[in-house]
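J.: Here you go, sequence then predicted model.
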Amino acid sequence: MLDVSRSVPTHSALAQRWPLWLPPLVAAFYPYLLDAFHHLVKSDGRIFPEAALLLLAAFAVPALGLYLACRDSGIGAEQTRARRLALLLVATPTLYCFVGVNLYMLGVPVADGWVWTPAWLALALLATFRTPATSGDLDQRPTPLRVAHGVSGALVALFIAFHLFNHLFSLAGPEVHAALMERGRQVYRSPFVEPLLVIALLFQVVTGLQLAWRWSVRGGDFQRMFQLASGVFLAVFILGHLNAVFVFARTWAGIETDWAFATGAPTGLIMDPWSIRLLPHYALGVFFVLAHLGSGLRVVLLAHGMARRNADLTWWIGAGCASLVSLAIMLGMTGLRLD
Ligand code: HEM
C-alpha cells in the first residue's frame, strides 16, 4: 500500500531519498547507451572514440551499482532497500538480455525499451514512495546454506573452468573452438552429467539469492559487497544463460548452441543492434564468475587464519586474472585471432 503521508514529498525529501530512485532511474536508460553505441558504429563498421565511450558508459552502470552498494553501510529499512536496488543495478546488463530473449519469444511487437524503461521507472516510484518494511537482523553464523552454496559452487567450478577455457580458444578461430567444445560435450552433455549440472547451477541461484537477501540487511566493506553484487549478477546471468541455451535455442528455435549462436554470427556481437547487449553480458559474466569464486576462496582463507592483508591481495590478483580472461574471450568472440 502507498503511504499517503509520504506521497507528496517536498523537494528536499526527494533529494534525500536519491539512493532509492537513482539505481532504477539509471537502469531505465541503460538500453539507450547500447542503442547510441550501435548508431555510431553501424554505418561503416568503424568504432569512433565517442562509441567507445558509450560502451564504457554501459560498463559504468554496474560499476555505479557496486559503488552505491558499498557507499552506505548503515542499518535500517531504507538503507537496506537502497543497497538491494544498487545490487540490482549491478545486474542490469544481464537482466536486459534475459528480458530481451523472453520478449522475443513472446512475440512482443514493440522495442524492448518500451517494456524495460517504464518497468524501471515504476520501480523507482515504488521504491521512493512506498514505506519499506523493517529489514530484520543479520545472522552471521556459518549456516548450512553457506556451506552448501560453497561446496556446490566448487563442483560447478569444474564445468566453468572447462567452459571458459573452451571460449578462450575462440582466439584460435571458430573451428578450434568447435573441436574442443565437441570433446567437452561428450562429458557435460551426457545424460548423467547435464541434469546434475543444471540442478547444481539452479541450486547456486536459489541459495545465492537467499544469502544475498540476508546479507544485504547490513552493509559491509568492498570485498563483502563485491561478493554480494557478483552473486546477484550471476544469479540473473545463470537463469538467463540456461534460458537462452535450453529454452530459446534448443527448444523454441531449434537451433544449434554453437559458435554462431554464441557470437551472433554472421553479423557479430558489435554490429548487430540486438546482439550488442551480449557484449557486457558475456564480459561481465566471465569476470564476475571468476572473481566470485575468488571471493569464496578469500572467505575460506580468512577462516583458516590467513592475515586479512594477504587474503585481500590474493583476491585482487584473482580479480586481475579474471579481467584478463574476460578481455581475451571477448576479443576472440569479436574477431581477434592469434595465428
Ligand atoms: C563468454 C561467456 C560465455 C559464452 C559465450 C557462453 C556460451 C555458451 C554456449 C555456446 C553454450 C552451449 C554449449 C554446447 O552446446 O555444448 C553454453 C552452455 C552453457 N553455459 Fe555458457 N557461455 C559463457 C559463459 C558461461 C558462464 C560464466 C557460465 C556459468 C556461470 C556458463 C554456463 C553454461 C551452462 C551451464 C551451459 C549448458 C551446458 C550444457 O549444454 O549442458 N556459461 N554456453
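T.: Okay, I see it.
J.: For the helix or strand hosting residue 163, name the packing helices and strands.
T.: Using DSSP states H and E, the element containing residue 163 is helix 144-168. Helix 144-168 is packed against helix 174-188, helix 193-215, helix 278-303, helix 308-333, with contacts defined by 3 or more C-beta pairs under 8 Å, 6 or more residues apart in numbering; DSSP states H and E. For glycine as for every other residue, the C-beta is placed from the backbone atoms N, C-alpha and C.
J.: pLDDT averaged over the shortest one, what's the number?
T.: Which is helix 174-188. Averaged across helix 174-188, pLDDT comes to 97.
J.: what's the burial count for residue 324?
T.: 11 (other C-beta atoms under 10 Å).
J.: The ligand contacts on the stretch 201-339 of the chain?
T.: By C-beta under 6 Å from any ligand atom, the residues of the stretch 201-339 of the chain that approach the ligand are 201, 238, 241, 245, 257, 261, 262, 282, 285, 286, 289, 329.
J.: Let's have those residues in TSV, adding distance to residue 225 and neighbour count.
T.: Output for those, formatted as TSV (distance: C-beta to C-beta, whole Å; neighbours: other C-beta atoms under 10 Å):
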residue	distance to residue 225	neighbour count
201	23	20
238	20	20
241	24	19
245	30	15
257	34	16
261	34	16
262	31	20
282	23	23
285	19	24
286	20	24
289	17	24
329	25	23
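J.: Closest to residue 310 out of those?
T.: Nearest to residue 310, judged by C-beta to C-beta, of these is residue 289 at 23.4 Å.
J.: Quick one: residues contacting the closest one.
T.: 160, 164, 230, 234, 237 (C-beta atoms under 8 Å, 6 or more residues apart in numbering).
J.: now do residue 27
T.: Applying C-beta under 8 Å, 6+ apart, one finds that residue 27 lies in contact with 61, 88, 89, 92, 120.
J.: Just the closest of those to the ligand, please.
T.: The ligand lies nearest to residue 92 out of the contacts of residue 27, by C-beta to the nearest ligand atom, at 17.1 Å.
J.: pLDDT wise, what is residue 13 at?
T.: Predicted confidence (pLDDT) for residue 13: 80.
J.: let me redo that: residue 19
T.: pLDDT for residue 19: 94.
J.: ok, back up a step: could you pull up the mean pLDDT of the helix holding residue 163?
T.: The pLDDT scores in helix 144-168 average 95.
J.: Any idea how far stretch 254-264 is from the middle of the chain?
T.: How far stretch 254-264 lies from its chain's middle: 21 Å, per C-alpha atoms, centre = their mean, to the nearest Å.
J.: can you put the helices and strands packed on helix 144-168 in TSV and add distance to residue 105?
T.: Putting the helices and strands packed on helix 144-168 into TSV (distance: least, C-beta to C-beta, whole Å) gives the following:
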stretch	distance to residue 105
helix 174-188	25
helix 193-215	19
helix 278-303	16
helix 308-333	23
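J.: Among the ones you listed, single out whichever gets nearest to residue 32.
T.: With C-beta to C-beta, the closest approach to residue 32 among those belongs to helix 278-303: 13.9 Å.
J.: Give me the buried stretch members for the closest one, please.
T.: For helix 278-303, the neighbour count (16 or more other C-beta atoms under 10 Å) marks 278-299, 301 as buried.
J.: Alright, that wraps it up for me.
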